[in-house]
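Undergrad: A predicted structure for the sequence below; I have some questions about it.
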Amino acid sequence: MVKTCCFGQCTAKTGTGIIALLNIVASILEIVIFSVLANHMITNPENISDEQYLGFQKYGDLYIASQFVGILLALIYGILSGILFEGYRTEDASLCTPWLYWNFVFLTLASIVTICGLVAEFVILGYMKILILNLSVAFIIPVSLGIQTYCTLVVQRFVNEIRGGRYSVLRSQPEPERDIIETDNDVDDVQTSTEQEV
């Protein structure tokens with residue numbers, strides 16, 4: 001029985017293809033957004049207030065560096081998502097596993113950074129004036145991490161099906177050597193029967 005995902009609406013294979021495409025699109029959008037922000041921070045630093053980006057005038061270099069880190073991560077994610085799509089298309093588990101490994105590491109680090117960041121802002125820094133913003137971030141980030149975790153489980157399910165034989169790139173390979181042997185046997189049988197008749 002083929003395993004399904006998305007409340008039974010599609011197979012794990014189809015879900016993997018959709019996830020790969022969505023990740024490629026998201027990576028492209030992230031690269032564009034981070035590039036625009038980095039350009040704005042570099043060319044117009046005097047127009048950026050601390051209310052827009054907390055402590056920008058003091059830690060502007062860190063903000064700019066973080067945009068380039070975001071571009072690099074989005075680029076890596078996009079490349080791995082492209083490889084994942086090829087793994088979906090060719091039903092090759094080895095092409096799907098790099099995305100899986102990257103996602104496991106990303107989810108772990110993102111969870112740690114999110115918790116540390118929220119604790120730092122709420123407890124250590126005590127920025128109560130942006131409490132509402134922090135609460136919205138505290139809600140949005142776990143939801144996005146939860147969705148990404150579910151996507152990881154879908155891809156893992158597809159990989160397990162490939163390795164279990166549900167999807168196989170060798171499912172329709174011809175066997176010419178066997179055909180030749182069988183043909184030779186048939187010829188021998190014909191010769192034997194002819195000799196017996198004679």
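TA: Looks like it came in fine.
Undergrad: SS state for Ile162?
TA: helix (DSSP: H, G, I helix; E, B strand; the rest coil).
Undergrad: Please identify which helix or strand holds Met41.
TA: helix 12-43 (DSSP states H and E).
Undergrad: Can you name the element that comes right after that helix?
TA: helix 56-90.
Undergrad: buried sites along that following helix?
TA: Across helix 56-90, burial judged by 16 or more other Cβ atoms under 10 Å covers 56, 63-64, 67, 70-71, 73-74, 77-78, 80-85, 87-88. Every residue, glycine included, has its C-beta placed from N, CA and C.
Undergrad: which ones are touching the nearest residue to His40 once chain neighbours are set aside?
TA: Nearest non-adjacent residue to His40, counting by Cβ to Cβ, 6 or more residues apart in numbering: Ile48, 7.5 Å away. Taking Cβ atoms under 8 Å, 6 or more residues apart in numbering, we find Ile48 in contact with 40-41, 56-57, 60.
Undergrad: Widest-spaced pair of these?
TA: Maximum pairwise distance in these, criterion Cβ to Cβ, is 14.6 Å, between His40 and Gln57.
Undergrad: circling back to that earlier point, what angle sits between the helix holding Met41 and helix 56-90?
TA: Angle of helix 12-43 versus helix 56-90, following axes from the mean of the first three to the mean of the last three Cα atoms, to 10 degrees, is 150 degrees.
Undergrad: So, low pLDDT: which residues of this protein?
TA: 1-8, 50-52, 54-55, 117-138, 165-198 (pLDDT under 70).
Undergrad: try it again with 80
TA: Low-confidence segments of the chain, defined by pLDDT under 80: 1-9, 45, 47-60, 110-111, 113-142, 165-198.
Undergrad: about what we covered before: quick check: the residue nearest to His40 vs Ser66, distance?
TA: 14 Å (Cβ to Cβ, to the nearest Å).
Undergrad: Val25 now?
TA: 22 Å.
Undergrad: pretty sure Gly82 contacts Ile24?
TA: Yes. Judged on Cβ atoms under 8 Å, Gly82 makes contact with Ile24 at a distance of 6.1 Å.
Undergrad: For Cys10, what are phi and psi?
TA: Phi and psi for Cys10, reported as degrees, to the nearest 10, are phi -150, psi 170.
Undergrad: Count the neighbours of it for me.
TA: For Cys10, the neighbour count with other Cβ atoms under 10 Å is 15.
Undergrad: And Ala93, by the same measure?
TA: 18.
Undergrad: what's the closest non-adjacent residue to it?
TA: With Cβ to Cβ, 6+ apart as the criterion, Ala93 has its nearest non-adjacent residue at 4.3 Å, and that residue is Ile162.
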